[in-house]
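Engineer: Whatever this is, show me its structure:
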Amino acid sequence: ECYLQLKQFRKAADIWSSSTDSSKLRQAADLYVNLGERGSSVACYRSVLRLDPGTKDRLALLNFCAQFYEGSGEWALAAELWQEAEQLDKAIENFIRVGNKLGLARVWERKASVNEWDIGVISRRECL
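Structural biologist: Numbers count the residues shown, from 1 in each chain. This next block holds a predicted model:
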C-alpha cells in the first residue's frame, strides 16, 4: 500500500499479483487494467476465480477474460471460459475456430440439457 501512496502502481500490482488473497489479486488486476496491461490483469482475475469460485462478479470476470483471449487469438482458452460463463454460442464459435470437436460436442450436449436444442440452428460447419 505504500507503493500506492508513492504512485508506484506497477510495483504495487506486481507485489499483489503474487498474493494468495483474492482481494489483493483483484486490486492487482484493477491496477493492471488502469496501466493498460490486460494480459497481466487477466492472469490475476483468473487467480481470483480459482481462489474464490463463488465471487459475486464471477460472470463479469469470466467475460472479461474470455474477451481478452478471443481478441488475442487464443480461441481454445476463450471457448473454455465462454462455456463456464454459460455463453454457449460464443463457446461454440471458438471451439469451431480451433477445430475442437470434443469441446464442441460437450457444448452442444449442454445446450440440449438446458432445452436450447434447436435442430434448425445447427449448420454443416458447426457439425464439422
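Engineer: Can you pull the poorly scored residue ranges out of this structure?
Structural biologist: 5, 115-128 (pLDDT under 70).
Engineer: now do 90
Structural biologist: 1-8, 111-128 (pLDDT under 90).
Engineer: what are the ranges of the helices in it?
Structural biologist: In the chain, the helices defined using DSSP state H lie at 2-5, 9-16, 22-34, 38-51, 58-71, 75-84, 88-98, 101-113, 124-127.
Engineer: Could I get those helices in CSV, plus columns for mean neighbour count?
Structural biologist: No exception for glycine: its C-beta is placed from N, CA and C like everyone else's. Formatted as CSV, the helices of the chain follow (neighbours: other Cβ atoms under 10 Å):
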stretch, mean neighbour count
helix 2-5, 12
helix 9-16, 18
helix 22-34, 20
helix 38-51, 19
helix 58-71, 18
helix 75-84, 22
helix 88-98, 20
helix 101-113, 15
helix 124-127, 10
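Engineer: Can you tell me how far the residue at the greatest distance from the centre of the chain is from residue 78?
Structural biologist: Within the chain, residue 6 marks the point farthest from the mean C-alpha position, 31.6 Å out by Cα atoms, centre = their mean. Applying Cβ to Cβ, to the nearest Å, the value for residue 6 to residue 78 is 37 Å.
Engineer: again, but for residue 2
Structural biologist: 37 Å.
Engineer: Same question for residue 21.
Structural biologist: In terms of Cβ to Cβ, residue 21 sits 27 Å off from residue 78.
Engineer: quick one, what contacts the residue nearest the centre of the chain?
Structural biologist: Nearest residue to the geometric centre of the chain (Cα atoms, centre = their mean): residue 65, 3.0 Å. By Cβ atoms under 8 Å, 6 or more residues apart in numbering, the residues touching residue 65 are 42, 45, 46, 49, 81.
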